[in-house]
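Participant: need a structure here:
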Amino acid sequence: MSDYSAENIQVLEGLEGVRRRPGMYISGTNEKGLHQLVNEIVDNAVDEALMDACDEITVTIHPDNSVSVRDNGRGIPVGIQAQTGLPAVTVVYTILHAGGKFGNGGYKVSGGLHGVGASVVNAVSEWLIVQVHTEGKIHELQLSRGLVVKDLTVVGDTDITGTFVHFKPDPEIFEVLEFNFDTMKQRLQETAFLTKGLKISLYDMRPAKTRQREYCYEGGISQFVEHINKNKTPITDEIFYCTAKYENVLVEVAMQHTDGYQESTYSFVNNINTHDGGTHITGFRAALTKTLNDYAKKFNLLKETDKPLSGEDVREGLTAVLSIKMEEPQFDSQSKGKLVNSEARTAVESVLSEQFAIFLEEHPGFGKVIVEKSLLAARAREAARKAREKVRKTVLEGGRLPGKLADCSEKDPALCELYIVEGDSAGGSAKQARTPTTQAILPLRGKIMNVEKARPEQIFSNAIIKDMITAVGTGIHEDFDISKLRYHKIVLMTDADVDGSHIRTLLLTFIFRFMRDLITEGNIYIAQPPLYKVEKGKQEYYAYSDEELAALLERIGREGIRPIQRYKGLGEMNADQLWHTTMDPDKRVLRKVNMDDALAADMIFTQLMGDKVEPRREFIQEFALMVKNLDV
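Facilitator: Okay, the predicted model is just below:
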């Protein structure tokens, strides 16, 4: 046993701890963590906009994959900070938990509550330059990997105010160094929607990629709802919007119902996306349900004998954005996914109840259309309940599993895998190929229904969906309970052709709409069966793409190769081939399904799987030239 003494205890100076353990401060050293650096600096600029001190932010991706963020705010203070004896801007960029967001009047409302954003970006950057325009002078600070390279110096005169930050991520830290323009534009557009009147410009100056986007929305979150609904069919001409302050909480709500069946409600606190909801969402739902029930009773749209409309009924087809601004928001974790302040519920419920009731009085047609849709939803919900009850008895009461399911013998879900396989033929091969101890097989015959276009009662009555729900074990929608998950790895295995891609998309649509936590918890994977089989002599090789095939032929040479086989389906592979290429844990290639942006995912499923044809045509026209593997 090795010695353990005081000499083994280390004290990491400055930002060295961030460099040693970056995952404690950012969401990894992958592409997601890379883009978080931009978000941290942009969020500081947005905080200036929330104080009405800034109305323009410019983000630029430079040719060397460095990024700069410029704002026209007040500029980070450059005076001496009393506790440290250093210029304030130096403190902000070199000391953790330092900033103007801890209640001393610098920022009343802010998204960055921990004071780590700017200093962490410095710690994981190869170099970082800050220029502050204030009081007629340009002050510049140069940093590298958490350290000051050149102290704050006046480098010129200026007639503007604001902060300019230019940094390059450190290749010693990050696995990925190339910024994704589309990822950045999505986040910046969302920020512009949430900050009414703020102009955000994004420039990509990399060779062969030069492009730009500008976002500015005077309509704020009302335009956000309009944007989300662009591929949906609203049932009202108007978007309801209200904003009011209740005590110290500013509440802003925009919403519009569509003819769809899915709810799309997004909530934000100080521009932070609270993807797990919280007390503000609880207040929103309570106010919406009560106000519509009161309205329906007052105008005799609900009879005395009718049951009140449920929250699920009134939210069917709803698109809503709830944004609140408050001091000292409290979240359930560092990820800031769920708000826990009790005063937020009171504020939202009070503001929405009052403002929505007034709106319905002034717009009687608006309320009538929503109540009529909610009554239809209530009838459909009752039909769905009866259909769901049959499934629930099987899933939640330990009933029999689907007849086609070849289950595994292992009882620990963490060790179990479920392969959802396209077709009976491939399912038969998979059953022969599998490891029966840990791998279960569920063959699907035909295509699963498109749940984006189906009513709940149709979904619960569908045989393929019922088999999936029963096999997975969690239930769906409001009955979903991830603790009852029977397999911690669910693998979608479809053919490597257009039909296979379509079936996989239909499966993902169902999982996203009704079992979304399986995606966020990392339980869904996509199998990668090979496209080609190459035989040379007694050796067999497999290629998973055209590029991989070309590289393989270059490596082994074309002489002596038998005719190359292109697999049209999983059923063409025998059990041994299927095991070695697609199911063997030591050799297979699986793609994990992740979801970084629920809003973007929601919109793309609506665009590609919804009723409207035009959005799909536009998507094809926009991305047609990017197709790599065209199956015709």
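Participant: Quick one: distance of stretch 328-347 to the chain centre.
Facilitator: Computed by Cα atoms, centre = their mean, to the nearest Å, the chain-centroid distance of stretch 328-347 equals 19 Å.
Participant: what's the average pLDDT for that stretch?
Facilitator: Stretch 328-347 shows a mean pLDDT of 85.
Participant: Just give the number of residues close to L250.
Facilitator: L250: 17 surrounding residues under other Cβ atoms under 10 Å. (Glycine included, C-beta is placed from N, CA and C.)
Participant: beta partners for it?
Facilitator: K245, K325 (DSSP bridges).
Participant: looking at it, H275 is touching D597, isn't it?
Facilitator: No: contact criterion Cβ atoms under 8 Å: H275 and D597 do not qualify, at 9.1 Å.
Participant: Who has more neighbours out of these two?
Facilitator: Per other Cβ under 10 Å, whichever of H275 and D597 has more neighbours is H275, with 18 against 15.
Participant: my read is the more buried one is in a strand, agree?
Facilitator: No: H275 is assigned coil when assessed by DSSP: H, G, I helix; E, B strand; the rest coil, not a strand.
Participant: Any chance of the backbone angles for it?
Facilitator: When read as degrees, to the nearest 10, the backbone of H275 gives phi -70, psi -20.
Participant: so who does the closest residue to it other than its chain neighbours touch?
Facilitator: Excluding its sequence neighbours, the residue lying closest to H275 (Cβ to Cβ, 6 or more residues apart in numbering) is G337, at 5.3 Å. Contact analysis of G337 by Cβ atoms under 8 Å, 6 or more residues apart in numbering lists T274, H275, D276, F331.
Participant: what's the pLDDT at the second one?
Facilitator: For H275, the pLDDT comes out at 87.
Participant: any idea how far F193 is from it?
Facilitator: Distance of H275 to F193, computed by Cβ to Cβ, to the nearest Å: 16 Å.
Participant: per-residue pLDDT, N8?
Facilitator: Taking N8 on its own, its pLDDT is 49.
Participant: hmm, I was thinking of Y241
Facilitator: Value for Y241, per-residue pLDDT: 97.
Participant: same for the helix or strand encompassing it, what does it pack against?
Facilitator: Using DSSP states H and E, Y241 maps to strand 240-246. The contact analysis (3 or more Cβ pairs under 8 Å, 6 or more residues apart in numbering; DSSP states H and E) places strand 240-246 against strand 249-257, helix 342-362.
Participant: let's go with 10 Å and repeat that
Facilitator: helix 221-228, strand 249-257, strand 318-325, helix 342-362 (3 or more Cβ pairs under 10 Å, 6 or more residues apart in numbering; DSSP states H and E).
Participant: Figure out how far that strand is from the centre of its chain.
Facilitator: Worked out by Cα atoms, centre = their mean, strand 240-246 lies 27 Å from the chain centre.
Participant: do stretch 344-363 as well
Facilitator: 29 Å.
Participant: Please apply the same query to stretch 48-55.
Facilitator: Offset of stretch 48-55 from its chain centre (Cα atoms, centre = their mean): 27 Å.
Participant: mind checking the end-to-end distance for it?
Facilitator: Taking Cα to Cα, to the nearest Å, stretch 48-55 runs 9 Å from one end to the other.
Participant: Just the buried positions in it, please.
Facilitator: Burial within stretch 48-55, assessed by neighbour count using 16 or more other Cβ atoms under 10 Å, is assigned to E48, A49, L50, M51, A53, C54.
Participant: Check whether the second one sits in a helix, strand or coil.
Facilitator: Per three-state DSSP, the secondary structure class of A49 is helix.
Participant: Contacts only, for it.
Facilitator: 55-57, 71-73, 191-192, 194-200, 271 (Cβ atoms under 10 Å, 6 or more residues apart in numbering).
Participant: Nearest residue to the residue of the chain positioned farthest from its centre in space, please, no chain neighbours.
Facilitator: Note on the chain: the largest C-alpha distance from the chain mean falls to G560, namely 49.0 Å (Cα atoms, centre = their mean). Nearest non-adjacent residue to G560, counting by Cβ to Cβ, 6+ apart: K536, 5.5 Å away.
Participant: That neighbour touches P563, doesn't it?
Facilitator: No: using Cβ atoms under 10 Å, K536 is not in contact with P563, being 11.5 Å away.
Participant: More neighbours: these two, which one.
Facilitator: Taking other Cβ under 10 Å, K536 and P563 do not tie; K536 has more neighbours (16 against 7).
Participant: pLDDT wise, what is that one at?
Facilitator: 90.
Participant: What residues sit buried inside stretch 38-47?
Facilitator: Buried residues in stretch 38-47, counted by 16+ other Cβ under 10 Å: V38, N39, E40, I41, V42, D43, N44, A45, V46, D47.
Participant: and what of stretch 273-288?
Facilitator: By neighbour count with 16+ other Cβ under 10 Å, stretch 273-288 contains the buried residues 273-288.
Participant: dump the residue contacts of the most centrally placed residue in the chain.
Facilitator: The chain has D597 as the residue nearest its centroid, 1.8 Å off, counting by Cα atoms, centre = their mean. Contact analysis of D597 by Cβ under 10 Å, 6+ apart lists T183, Q186, R187, E190, N273, H275, M603, I604.
Participant: Now that the second one has come up, it's in contact with N180, right?
Facilitator: Read it as Q186. Yes: proximity of Q186 to N180 meets the contact threshold set by Cβ under 10 Å, at 9.4 Å.
Participant: ok, those two, which is more surrounded?
Facilitator: Between Q186 and N180, counted using other Cβ under 10 Å, the more crowded position is Q186 (17 against 13).
Participant: which stretch of helix or strand covers the more buried one?
Facilitator: Going by DSSP H and E, Q186 is in helix 181-194.
Participant: what element comes up after that helix heading to the C-terminus?
Facilitator: That would be, after helix 181-194 and using DSSP H and E, strand 199-204.
Participant: mind listing what that next one pairs with, with the direction of each?
Facilitator: By DSSP bridges, strand 199-204 pairs with strand 56-61 (parallel), strand 211-215 (antiparallel).
Participant: Give me the angle between that strand and helix 181-194.
Facilitator: If you take axes from the mean of the first three to the mean of the last three Cα atoms, to 10 degrees, strand 199-204 sits at 180 degrees to helix 181-194.
Participant: contacts for strand 199-204?
Facilitator: Contacts of strand 199-204 (Cβ under 10 Å, 6+ apart): 38, 42, 45-46, 49, 54-63, 68, 70-72, 179, 181, 184-185, 187-192, 210-217.
Participant: List only buried entries from the residues you listed.
Facilitator: Looks like these have 38, 42, 45-46, 49, 54, 56-61, 68, 70-72, 179, 181, 184-185, 187-192, 213, 215, 217 buried, using 16+ other Cβ under 10 Å.
Participant: re the thing from before, for the residue nearest to G560, phi and psi?
Facilitator: Dihedral angles (degrees, to the nearest 10) for K536: phi -140, psi 120.
Participant: How about the contacts made by it?
Facilitator: L552, L553, I556, G557, R558, E559, G560, I561, R562.
Participant: Closest to G23 out of those?
Facilitator: If you rank the contacts of K536 by distance to G23 using Cβ to Cβ, L552 comes first, at 35.8 Å.
Participant: From what I see, the closest one and Q539 are in contact.
Facilitator: No: using Cβ under 10 Å, L552 is not in contact with Q539, being 11.1 Å away.
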